[in-house]
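Visitor: Fold the following.
(one chain, ligands or ions: 2)
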Amino acid sequence: MTTYSVIAPIYNEAQNIPELYRRVRSVMEQTGESWELLLVDDGSTDGSTEQISELARQDSTVIPVIFARNFGHQIAVTAGLDFSRGEAVIIIDADLQDPPEVILDLIAKWREGYQVVYAVRSKRQGESWFKLFTAAAFYRIIRRITDVNIPMDTGDFRLMDRAVVNVLNSMRERHRFLRGMSVWVGFKQIGVEYERSARFAGETKYPLKKMVKFASDAITGFSYFPLQVAMYMGFVSAGISILAIPVVIALRLAGSQAFFGQASALIAVLFLGGVQLISLGVLGEYIGRLYDEAKNRPLYIVTQSPDERR
Ligand code: UDP
Ligand code: MG
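Guide: Numbering: from 1, shown residues only. Ligands and ions are numbered 1, 2, ... in the order given. So this is what the prediction gives:
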């Protein structure tokens, strides 16, 4: 039986893999217990795939999971969870922004009996003000409008007990926000603070487009708030127009020329038209996700994996 599974999702991280492997190995050897390193290749095109296969040939603690194409970070982590065997499972970024040394702190809390130990970023180094600002705003909005109490400033860097992983593995939703899902399941949870480093090498694999998709998956996955906004706006504008009727009648009777003309009518029409289109778009976001679930396609396709494990 393996004690620890370490999962690293990899999308074009060729420059980081050797260092990741070296540091994870030296940390995990300090535990004196059995461990495995699942390297999930999320459709890399920079030679990461070959590196992973080569590492797995040399060292049987390295378990390769190779995707047929890029499916995205959250899906790559999901595949890692599916194929993991450890009693405790640790998720870590491959770019070494999450220092592998912190794993020992996570393990210490697990030994105390906690089943989800998430790492909280007390400081972030080497990131743009834009990333810091959008991340801070994101976690605060999520906390406000979702039904789960997702801890502030935590990423996917965390340790989860086998019991939790089994539950997560039974949740096959397509648009996945793992840090929300792992809170939603409950269990005994605790945070451990750490300083997030700069990337060891390479560029972020999260361009704005992926960040927006990630944020909308998080929000739609855990909240109806955007749908409800349409209703609130409807009540507000209906309320205003009802109040406006007697006001306009009174003004007319008093001989006032206010509110005559096209401009005010046009502005009102455009405003309401805009609100309606936005509401339709929000509805579309939810319907599109429903449609994706209905198709029931596999979450990912692997070309190489430890098949005997499933
Ligand atoms: N990643 C992935 N698939 C993707 C994008 C990212 O597997 O489509 C991996 C990436 O290789 C890294 C982790 O997810 O190990 C976090 O990505 P990144 O460091 O680029 O995000 P950031 O830290 O900038 O938010
Ligand atoms: Mg990173």
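Visitor: got the residue ranges for the strands in this protein?
Guide: 4-10, 35-41, 62-67, 88-91, 116-124, 154-161, 189-196, 302-304 (DSSP state E).
Visitor: which parts of the longest one are buried?
Guide: Of the residues in strand 116-124, those scored as buried under the neighbour-count criterion (16 or more other C-beta atoms under 10 Å) are Val116, Val117, Tyr118, Ala119, Val120, Arg121, Arg124. (Glycine included, C-beta is placed from N, CA and C.)
Visitor: for the shortest one, same thing?
Guide: With burial defined by 16+ other C-beta under 10 Å, the residues of strand 302-304 counted as buried are Val302.
Visitor: For ligand 1, tell me whether it is touching it.
Guide: No. Shown here: strand 302-304 not in contact with ligand 1 (C-beta under 6 Å from any ligand atom), separated by at least 13.8 Å.
Visitor: With adjacent residues omitted, what lies nearest to the residue nearest the centre of the chain?
Guide: Nearest to the mean C-alpha position of the chain, counting by C-alpha atoms, centre = their mean, stands Phe177 at 4.0 Å. Closest residue in space to Phe177, ignoring its immediate chain neighbours: Ala218 at 4.2 Å, by C-beta to C-beta, 6 or more residues apart in numbering.
Visitor: about what we covered before: over to the residue nearest to the centre of the chain: give its phi and psi.
Guide: The phi/psi pair for Phe177 (degrees, to the nearest 10) reads phi -130, psi 90.
Visitor: isn't it right next to Ala215, touching?
Guide: No. The pair Phe177 / Ala215 is not scored as a contact, 9.2 Å apart, by C-beta atoms under 8 Å.
Visitor: Next, count neighbours for Pro298.
Guide: Close neighbours of Pro298, defined as other C-beta atoms under 10 Å, add up to 9.
Visitor: hang on, the earlier thing: any chance of TSV for the strands of the chain, columns mean pLDDT?
Guide: Compiled in TSV, the strands of the chain are given as follows (pLDDT from 0 to 100):
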stretch	mean pLDDT
strand 4-10	96
strand 35-41	96
strand 62-67	95
strand 88-91	97
strand 116-124	87
strand 154-161	93
strand 189-196	90
strand 302-304	88
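Visitor: can you list those strands in TSV and add distance to ligand 2?
Guide: Shown next, in TSV, are these (distance: least, C-beta to the ion, whole Å):
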stretch	distance to ligand 2
strand 4-10	10
strand 35-41	15
strand 62-67	19
strand 88-91	13
strand 116-124	10
strand 154-161	9
strand 189-196	9
strand 302-304	23
